[in-house]
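> got a sequence here, can you build the structure:
(one chain, ligands or ions: 1)
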Amino acid sequence: MRFLLSAVSVLCFSFYSQSQEHATAIVQRLNQLSGRYSEMAEQIWKWAEPGYLENKTTQLMQQELSNAGFSIQTGVAGIPTAFTATYGSGSPVIGILAEMDALPGLSQKPLPTRDPAVEGGYGHGCGHNLFGTGSIAAAIAVKEWMQSKGIKGTIKLYGTPAEEGAGGGKTYLVREGAFNGVDVILHWHPGDRNSASPSSSLAYKVATFSFRGQAAHAAAAPEKGRSALDGV
Ligand SMILES: [Zn+2]
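Model prediction:
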């Protein structure tokens, strides 16, 4: 029994140290390329393109992945700026999300104090310039690792437009089955600390309702009026 336990722990340890080794190699590779990806994130920051109009951003992202040997599918779910970039074949199919949209009214120079580049313009206040770039860096680093170690499986990066506000870009991707056959989707978000969480969050859809009333004299003929507020 004791032998079995120690055999298991040796096995676990070697598995753990092996995966540590792989992770270290991938992080080292990312560090080598950090200058390249910083430039890319800064470029996307400067373009600050709104949801569904991420035209230059999506081109840059696709080009980077295409150069790295991914096959690109554009116009996913009929959205001109949505794309997938795929490497490998068979299972597991691991999806990585890459956001890219900027937000209205958040135009900003790359400074720590409020200083709009364009007054009232769009800006990357949510850090999707980092989100998209970081996801691309991850996909390429994992692809290179898979290639060098002969690891089987599929990496599928999703260029996902219009994440913010009423955009709902992924709603349409889901509806068109763009995520069918994927075993797991990984994503991340820029924040002010490093943390990992297995939690899920709510999805939302936006709808607009209008309620119309009918004006009438409140004292002389209130019965002829219809209150929009009551309708609500
Ligand atoms: Zn965000």
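
> which residues sit against stretch 197-212?
A166, G168, K170, T171, A228, L229, G231, V232 (C-beta atoms under 8 Å, 6 or more residues apart in numbering). Every residue, glycine included, has its C-beta placed from N, CA and C.

> can you give me the helices for the chain?
Counting by DSSP state H, the chain has helices at residues 2-32, 34-47, 55-67, 128-149, 169-175, 228-231.

> now the weakest link among the ones you listed, please, by mean pLDDT.
Note on those: helix 2-32 shows the lowest mean pLDDT, a mean of 69.

> okay, the helices of the chain in TSV with distance to V182 and mean neighbour count next?
Below are the helices of the chain laid out as TSV (distance: least, C-beta to C-beta, whole Å; neighbours: other C-beta atoms under 10 Å):
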stretch	distance to V182	mean neighbour count
helix 2-32	21	11
helix 34-47	24	15
helix 55-67	17	18
helix 128-149	14	21
helix 169-175	11	17
helix 228-231	43	10
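
> next, format the ones you listed as JSON lines and append distance to P222.
Shown next, in JSON lines, are the helices of the chain (distance: least, C-beta to C-beta, whole Å):
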{"stretch": "helix 2-32", "distance to P222": "69"}
{"stretch": "helix 34-47", "distance to P222": "55"}
{"stretch": "helix 55-67", "distance to P222": "54"}
{"stretch": "helix 128-149", "distance to P222": "51"}
{"stretch": "helix 169-175", "distance to P222": "43"}
{"stretch": "helix 228-231", "distance to P222": "12"}
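
> quick one: closest of the ones you listed to K109.
Shortest distance between K109 and the helices of the chain, using C-beta to C-beta, is found for helix 34-47: 9.3 Å.

> now do the closest one: which elements does it pack against?
Packing partners of helix 34-47 (3 or more C-beta pairs under 8 Å, 6 or more residues apart in numbering; DSSP states H and E): helix 55-67, helix 128-149.

> can I get it in CSV, CA atoms only?
Provided in CSV are the C-alpha atoms of helix 34-47 (Å, rounded to 0.1, in the frame of the first residue of the first chain):
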residue,chain,number,x,y,z
SER,A,34,6.5,40.8,-25.3
GLY,A,35,7.8,43.8,-27.3
ARG,A,36,6.0,42.7,-30.4
TYR,A,37,2.7,42.2,-28.5
SER,A,38,3.0,45.5,-26.6
GLU,A,39,3.3,47.3,-30.0
MET,A,40,0.2,45.4,-31.2
ALA,A,41,-1.8,46.3,-28.1
GLU,A,42,-0.8,50.0,-28.4
GLN,A,43,-1.8,50.1,-32.0
ILE,A,44,-5.2,48.7,-31.3
TRP,A,45,-5.5,51.2,-28.4
LYS,A,46,-4.8,54.0,-30.9
TRP,A,47,-7.4,52.8,-33.4
